[in-house]
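Peer 1: model the structure of this input:
(4 chains)
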Number of protein chains: 2
Amino acid sequence: MWKNVGMPTPRERARERTLAEIRSLAWLQVEEVGPAALSLRGIARDLGVVSSAIYRYVSSRDDLLTELLVAGFSDLAEAVERAESVVPREAYRERWLTICRTMRAWALGRPAAWGLLYGGPVPGYNAPQQTTAVPGARVLLQQGAVLIEAQAAGRLRPRIGPAGDLGEVPAVLRAELEAAAAAFQLEVGAELVALGILGWTISVAVISSEVFEQLGPDAIAARDQLAELQFASAADALGL
Amino acid sequence: MWKNVGMPTPRERARERTLAEIRSLAWLQVEEVGPAALSLRGIARDLGVVSSAIYRYVSSRDDLLTELLVAGFSDLAEAVERAESVVPREAYRERWLTICRTMRAWALGRPAAWGLLYGGPVPGYNAPQQTTAVPGARVLLQQGAVLIEAQAAGRLRPRIGPAGDLGEVPAVLRAELEAAAAAFQLEVGAELVALGILGWTISVAVISSEVFEQLGPDAIAARDQLAELQFASAADALGL
DNA sequence: CAGAAGCAAGAGCGCCGCTCTCAATTGCGC
DNA sequence: GCGCAATTGAGAGCGGCGCTCTTGCTTCTG
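Peer 2: A predicted model of the protein is given here:
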């Protein structure tokens, strides 16, 4: 009936090897020239093959870009999960800081990849939300989990809001934030969601401004110290 | 001896008009397709002229991009300065919030322009630091001025640091931050510089995450409220 | 072993930035 | 007022891009 179930034919093996090589060359190119300049023709050249042959393996440039995008999100998320999992569960601040530090290390190691994930939009390319949303949210949720657990343990004392109490969230926004949390099977208050988004935004921003050199190249030599200080400040503000 | 000093010849006038038209078309294109897809050929088409003729007016695509970059920074800075100048000098928090709100309004009005200024790097294009640094720093300095004046007035109570005192800045970083401030003829402590950078980073990030739809398109309908809440939180953390 | 499936190659379309040459206009200095 | 020179636009062309289609060749399969 069914022969060779799960056992790849030689053809499939060859195809898979070629695909892997294409992905690898694509990452190299992204790191070298940036995501927006990713060129299928260039990959074909590196592969030693005529340009049209690439289209046997990837349906379009955008398709390849999407694949890299989810791979990048997943790789980052896994690195973060690995690093965070070894710090004591009740060391909430350290867990949050570890997530940030790991994100930063990943970003510094492959800056163009970070640009692909969190940089401005690649011109002419619209990431298919359906495909990228879930992997893209993993790190955010990881950060959120720390806040949720810290709050549950009574170890979250946010320093923002009129009286260090997060202030009040307007009704419309409140409903929306709680709905957003519910979409991830989370039952948390709007204030905590807002806090999570703020923390997330800050951490991404601190890293992006360093990776993209938005304060100018070589503006700060003591980059590590500055990043550490900013992460710590954010953790302070969040109340970890 | 010198005739027509400062009085443009007809040729110069014509040239200037063409240049202005090119710049205007370039902005239109940036808004439509994004900075990285800015095309000189496209501008030539819109201008009703053959592609090579463009090079009589702009030396290269990168050159045009740089010009737009500087113009964008300046336009944003002027909008911010205009808006901030009408709020009472001693209403520090309101001044800072006004700067943020104006930045956001500008960004929402011309998202691609914001992308050009603060998005990821345009592939293959390196902004000449020398040309863009000064205009690029204007808004940051505007924010910084508010913090400095607030501190001088004893109206700055940062809520970050171990005891709400900004913590301590490591020596190496401290020296660098103070030097950076000195480069702008500012004599301020490293802690305040760090605070300023943090505030700047957060405000840019809040806006970018909205403009670039990094939480997904239409993720939040109550965008205004969320932005306002985040700006307020940041102001709280900064101690305004 | 024949046929089907998979594959690489090549030519080609329209787009891009940019260069070079050549002719026409146009405004300047005399 | 006019000749000359500077300025301008057009055209052709180079190499690069994404992508399509046709044409043969290989390789696996029934």
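Peer 1: for chain A, which residues are neighbours of DNA strand C?
Peer 2: A:11, A:14, A:15, A:18, A:49, A:50, A:51, A:52, A:53, A:56, A:57 (Cβ under 7 Å from any atom of the strand). Using the backbone N, CA and C atoms, a C-beta is placed for each residue, glycine as well.
Peer 1: just those residues that are near DNA strand D?
Peer 2: Checking the residues of chain A next to DNA strand C against DNA strand D (Cβ under 7 Å from any atom of the strand), the matches are A:11, A:51, A:52.
Peer 1: among these, who's most crowded?
Peer 2: For these, the largest number of neighbours (other Cβ atoms under 10 Å in any protein chain shown) sits with residue A:51, at 14 neighbours.
Peer 1: any idea which of the ones next to DNA strand D among the residues of chain A next to DNA strand C is the one closest to chain B?
Peer 2: Nearest to chain B out of those is residue A:51 (Cβ to the nearest Cβ; 19.5 Å).
Peer 1: phi, psi of residue A:156?
Peer 2: Backbone torsions for residue A:156, taken as degrees, to the nearest 10, come to phi -120, psi 120.
Peer 1: verify the stated contact: it with residue A:240.
Peer 2: Yes - the pair residue A:156 / residue A:240 is scored as a contact, 6.8 Å apart, by Cβ atoms under 8 Å.
Peer 1: need the overlap of contacts for those two.
Peer 2: A:92, A:147, A:150 (Cβ atoms under 8 Å, 6 or more residues apart in numbering or on different chains).
Peer 1: any chance of JSON lines for those residues, columns distance to residue A:181?
Peer 2: Converted to JSON lines, these look like this (distance: Cβ to Cβ, whole Å):
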{"residue": "A:92", "distance to residue A:181": "19"}
{"residue": "A:147", "distance to residue A:181": "11"}
{"residue": "A:150", "distance to residue A:181": "16"}
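Peer 1: contacting residues for the closest residue to residue A:43 other than its chain neighbours?
Peer 2: In this structure, residue A:43 finds its nearest non-sequential neighbour in residue A:25, 4.9 Å apart by Cβ to Cβ, 6 or more residues apart in numbering or on different chains. When contacts are counted by Cβ under 8 Å, 6+ apart, residue A:25 touches A:43, A:46, A:47.
Peer 1: what about residue A:25, which helix or strand?
Peer 2: helix A:10-33 (DSSP states H and E).
Peer 1: what are the buried residues along that helix?
Peer 2: A:18, A:22, A:23, A:25, A:26, A:27, A:29, A:30, A:31 (16 or more other Cβ atoms under 10 Å in any protein chain shown).
Peer 1: now swap in stretch A:37-55 and tell me
Peer 2: Quick answer for stretch A:37-55 (16+ other Cβ under 10 Å): A:37, A:38, A:40, A:42, A:43, A:44, A:46, A:47, A:54.
Peer 1: can you check stretch A:122-134 too?
Peer 2: A:122, A:123, A:125, A:127, A:132, A:133.
Peer 1: ok, those residues vs DNA strand D, which is closest?
Peer 2: residue A:125 (9.2 Å; Cβ to the nearest atom of the strand).
Peer 1: please report how far the closest one lies from residue B:194.
Peer 2: 36 Å (Cβ to Cβ, to the nearest Å).
Peer 1: ok, now residue A:21?
Peer 2: 46 Å.
Peer 1: surely residue A:66 touches residue A:130?
Peer 2: No - using Cβ under 8 Å, residue A:66 makes no contact with residue A:130, being 10.3 Å away.
Peer 1: centroid residue for chain A?
Peer 2: residue A:73 (4.7 Å; Cα atoms, centre = their mean).
Peer 1: any low-confidence regions in chain A?
Peer 2: Within chain A, the stretches with pLDDT under 70 are A:1-10, A:123, A:163-167, A:218.
Peer 1: would you mind measuring from the residue in it positioned nearest to DNA strand C to residue A:41?
Peer 2: Sorted by distance to DNA strand C under Cβ to the nearest atom of the strand, the residues of chain A start with residue A:52, at 2.8 Å. Distance, residue A:52 to residue A:41, by Cβ to Cβ: 10 Å.
Peer 1: then residue A:234?
Peer 2: Distance of residue A:234 to residue A:41, given as Cβ to Cβ: 43 Å.
Peer 1: and the residue lying closest to residue A:27 once chain neighbours are set aside, what element?
Peer 2: Of all residues not flanking residue A:27 in the chain, residue A:68 sits nearest, at 6.8 Å (Cβ to Cβ, 6+ apart). Residue A:68 is part of helix A:61-85, with elements assigned from DSSP H and E.
Peer 1: what does that helix contact?
Peer 2: Outside of helix A:61-85, the residues within contact range by Cβ under 8 Å, 6+ apart are A:22-23, A:26-27, A:30, A:35, A:38-40, A:58, A:95, A:98-99, A:101-103, A:105-106, A:113, A:116-117, A:122, A:125, A:127-128, A:131-132, A:135-136, A:138-139, A:142, A:146.
Peer 1: strands - which of the residues you listed land there?
Peer 2: Assignment to strands by DSSP state E places none of the contacts of helix A:61-85 there.
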